[in-house]
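Trainee: can't give you the sequence, but here's the structure:
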């Protein structure tokens, strides 16, 4: 059976360097890290995980808590987090909370028992104050942030401004916002700022508006069709829709097709997130791009840096951009 010394000799490195790679301590270049992993694979070296955990008082595991994995947005987050974690020598432990507070607490308790290096929390709209005093960093992605947590989010308000102004500039006179939760709940979520921006821009430009908010059940099932159909039927004079997610935006397109509403001639649509579903619809969906890759990278890097005793910012906000497909018919990009 191969030993740590065998890996060091085969890779031409010191035992100390190989040990730092395995325990994710100090700076190790990606080239060196990859070299060590390749030799470990060739020699079929299996590190003693239990011994490493006891020595470090924590593992090289990052806990990830998602509300579900079916939603394209969370599926993309998971893929990006796993990829970034692997780059820095971490493994992931996935928990699905189904947006249940008690389930989320169980996930955190299991992470405590596993001595994780850190947790990325993307789930729920509950207070995180109960998670004070953890012996690992708790990183929140696009959710409410309290003292003791480190928050990473995109500029949701600016995204809402961009989407609303685009619809108005394209000649829309009555706009509808379809969101997954209402700004004004007891616990404020970053995504609520999309609705706040929509309201503010409509009011400042004296644009007629309708706000439609779905519930948690629809969020879990992602079956928005009937909700959207009813909304558009009750408000036939709406000529612009800002959907708070691309999944909702795709349902708007589907309903328009069934109701005979021409997109973009009669109704213009902007989504949010810019996940793969935005490129799969016909016509394509204009969307506000949320930099999920960079946000995931920052989340894993934050855990790594704290693991090495370094300080990291308590909140990081990434800018968003408007994504328009190259459909050049009078700048009718992805449904506009």
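Mentor: That came through, no problem. Fair warning: this is a prediction, and the values are worked out from it, not measured in the lab. Numbers count the residues shown, from 1 in each chain.

Trainee: mean confidence for stretch 83-94?
Mentor: What stretch 83-94 shows for mean pLDDT is 93.

Trainee: How about stretch 319-336?
Mentor: pLDDT averaged over stretch 319-336 gives 61.

Trainee: same question, stretch 180-191
Mentor: The pLDDT scores in stretch 180-191 average 67.

Trainee: okay, how far is it across that stretch, tip to tip?
Mentor: 9 Å (C-alpha to C-alpha, to the nearest Å).

Trainee: residues making contact with stretch 253-263?
Mentor: 225, 228, 229, 232, 233, 267, 269, 281, 282, 283, 285, 335 (C-beta atoms under 8 Å, 6 or more residues apart in numbering). Any C-beta I mention is one placed from the backbone N, CA and C, and that applies to glycine too.

Trainee: Please pick the buried ones from those residues.
Mentor: Among the contacts of stretch 253-263, those scoring as buried are 228, 229, 232, 267, 269, 281, 283, 285, 335 (criterion: 16 or more other C-beta atoms under 10 Å).

Trainee: Rebuild these as CSV, extending it with secondary structure.
Mentor: CSV is the format used below for the buried ones among the contacts of stretch 253-263 (DSSP: H, G, I helix; E, B strand; the rest coil):
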residue, secondary structure
228, helix
229, helix
232, helix
267, coil
269, strand
281, coil
283, coil
285, coil
335, coil
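
Trainee: Contact partners for residue 13?
Mentor: 32, 35, 36.

Trainee: now residue 232
Mentor: Residue 232 neighbours (C-beta under 8 Å, 6+ apart): 176, 238, 252, 255, 256, 259, 261, 267.

Trainee: how close does it get to residue 195?
Mentor: Separation of residue 232 from residue 195 (C-beta to C-beta, to the nearest Å): 18 Å.

Trainee: Over to residue 274?
Mentor: From residue 274 over to residue 195 the distance is 19 Å, taken as C-beta to C-beta.

Trainee: what does residue 131 give?
Mentor: Using C-beta to C-beta, residue 131 is found at 27 Å from residue 195.

Trainee: Residue 2 now?
Mentor: Using C-beta to C-beta, one obtains 57 Å as the distance from residue 2 to residue 195.

Trainee: out of the two, which sits in the busier spot?
Mentor: Just comparing residue 2 and residue 195: by other C-beta atoms under 10 Å the higher neighbour count belongs to residue 195, 24 against 14.

Trainee: Next, that one: secondary structure please.
Mentor: Assignment for residue 195 (three-state DSSP): helix.

Trainee: That one touches residue 160, doesn't it?
Mentor: Yes: with contacts counted by C-beta atoms under 8 Å, residue 195 reaches residue 160, the gap being 7.0 Å.

Trainee: So for those two, which residues contact both of them?
Mentor: Joint contacts of residue 195 and residue 160 (C-beta under 8 Å, 6+ apart) do not exist.

Trainee: number of nearby residues for residue 158?
Mentor: If you count neighbours by other C-beta under 10 Å, residue 158 ends up with 17.

Trainee: next one: residue 240
Mentor: Using other C-beta under 10 Å, residue 240 is surrounded by 25 other residues.

Trainee: Equivalent analysis for residue 223, please.
Mentor: By other C-beta under 10 Å, the residues close to residue 223 number 12.

Trainee: Let me know the secondary structure of it.
Mentor: The three-state assignment at residue 223 reads coil, by three-state DSSP.

Trainee: how about it, phi and psi?
Mentor: When read as degrees, to the nearest 10, the backbone of residue 223 gives phi -100, psi 80.

Trainee: now residue 66
Mentor: Dihedral angles (degrees, to the nearest 10) for residue 66: phi -120, psi 150.

Trainee: Quick check: bridge partners of it?
Mentor: residue 96 (DSSP bridges).

Trainee: Could you pull out the helices in this structure for me?
Mentor: 4-11, 15-23, 30-43, 49-56, 72-87, 101-113, 156-169, 192-204, 216-221, 225-234, 246-259, 277-280, 292-307 (DSSP state H).

Trainee: Can you give me every residue that contacts residue 122?
Mentor: Taking C-beta under 8 Å, 6+ apart, one finds 64, 65, 66, 67, 74, 77, 140, 141, 142, 143 in contact with residue 122.

Trainee: Show the pLDDT at the second one.
Mentor: Meaning residue 65. pLDDT for residue 65: 94.

Trainee: is it true that it touches residue 95?
Mentor: Yes: counting by C-beta under 8 Å, residue 65 touches residue 95, with 4.7 Å between them.

Trainee: Looking only at neighbour counts, state which of the two leads.
Mentor: Shown here are residue 65 and residue 95; by other C-beta under 10 Å, residue 65 has more neighbours (25 against 18).
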